[in-house]
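Enquirer: I'll drop the sequence and a predicted model, then ask my questions.
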Amino acid sequence: MRTRAIGSRNVGVIGLGAMPMSVAGHMPDEAQSIRTILAALDAGITLIDTADAYTPSHTDVGHNERLVARALSQWGGDAGTVLVATKGGHTRVPDGWDVDGRPSYLKEACDRSLKALGVDSIGLYQHHRPDPRVPYEETIGALKDLHDAGKIQMAGISNANPEQIRLAHEILGDRLVSVQNEYSPRFRSSEPEIDLCAELGLAFLPWSPLGGISRTGELGRHNSAFNEIAAERGVSPQQVCLAWELARSPVVIPIPGASRPETILDSARAATLDLSKEELSRLG
């Protein structure tokens, strides 16, 4: 698989978003989740994105991280070639979701993630979501402390606007390597963040990159050309979507979610799908 850079690491141009394996309403059984992760690894995917908050309930924080760790322990390949990215600061509470950007909390969350993943240092640790009750610079300062303590190898931020990206870059310097925001055919408002990442040399990891086109029939609500080009090329609309995102900028590394081996194997094939200028024009 072709590669792109996240800081000092090269990873496959398609990553695996592991969230669907652990969030209530989507969860497959553990055996299927393990098969999905192993299929991704065997297909050359070397970036797995998880979070402590990807869990069926607030009583099982770290569920997805532990699942990823179990899959890696069963894989016959070199786990050292895989970059596991996790996140902290988006919390699970009895009635849903909350945020906690306090430096003390983020450091506690990182310690729990280290234990859940079974590692001494996390390859890429990302602040999950800004907390309006905590000054952003204080939260980002915690990432700096974690990096300097050796608990994380690289830092990232998620759901950040351009001002927050610039502030994080100012505080973290080359410790900051990535931004993870929503981006898909139905959600294109992260265009300024993609351009800023290209300017600063940061990877941009679109979450929910398939967005509204997770089912083929939904494509018409965004642009029927995704279906049309897929039919012309003999590939899935999902592959066309991911190839369109890869063409947007060399800093973009989509992380489509998957809960079945067949799904992630289809997504991985987008790494070899090069769209023409005419096709990209049709996709808008």
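Expert: Yep, it's here.
Enquirer: Identify the residues contacting residue 199.
Expert: Applying C-beta atoms under 8 Å, 6 or more residues apart in numbering to residue 199 gives no contacts. For glycine as for every other residue, the C-beta is placed from the backbone atoms N, C-alpha and C.
Enquirer: Over to the one 5 residues further on?
Expert: For residue 204, the contact set (C-beta under 8 Å, 6+ apart) comprises 178-181, 183, 190, 193-194, 197-198, 249, 251-253.
Enquirer: Over to residue 106?
Expert: Neighbours of residue 106 in contact, by C-beta under 8 Å, 6+ apart: 88, 89, 100, 127, 139, 142, 143, 146.
Enquirer: go with 7 Å
Expert: Taking C-beta atoms under 7 Å, 6 or more residues apart in numbering as the criterion, residue 106 is in contact with 88, 89, 127, 139, 142.
Enquirer: can you map out the helices along the stretch 1-150 of the chain?
Expert: Taking DSSP state H, counting those that start in this stretch as the test, the helices found in the stretch 1-150 of the chain are 30-42, 63-74, 103-117, 136-148.
Enquirer: picking that back up, let me have the contacts of residue 106 in CSV, extended by distance to residue 231, neighbour count and pLDDT.
Expert: Output for the contacts of residue 106, formatted as CSV (distance: C-beta to C-beta, whole Å; neighbours: other C-beta atoms under 10 Å; pLDDT from 0 to 100):
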residue, distance to residue 231, neighbour count, pLDDT
88, 42, 29, 98
89, 42, 28, 97
127, 41, 28, 98
139, 46, 24, 98
142, 49, 23, 98
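Enquirer: ok, so of these, who is nearest residue 115?
Expert: residue 88 (12.6 Å; C-beta to C-beta).
Enquirer: Can you report how many residues neighbour the closest residue to the closest one other than its chain neighbours?
Expert: Spatially, and ignoring its direct neighbours in sequence, residue 88 is nearest to residue 109 (3.4 Å; C-beta to C-beta, 6 or more residues apart in numbering). Using other C-beta atoms under 10 Å, residue 109 has 28 other residues around it.
Enquirer: Thanks a lot, catch you later.
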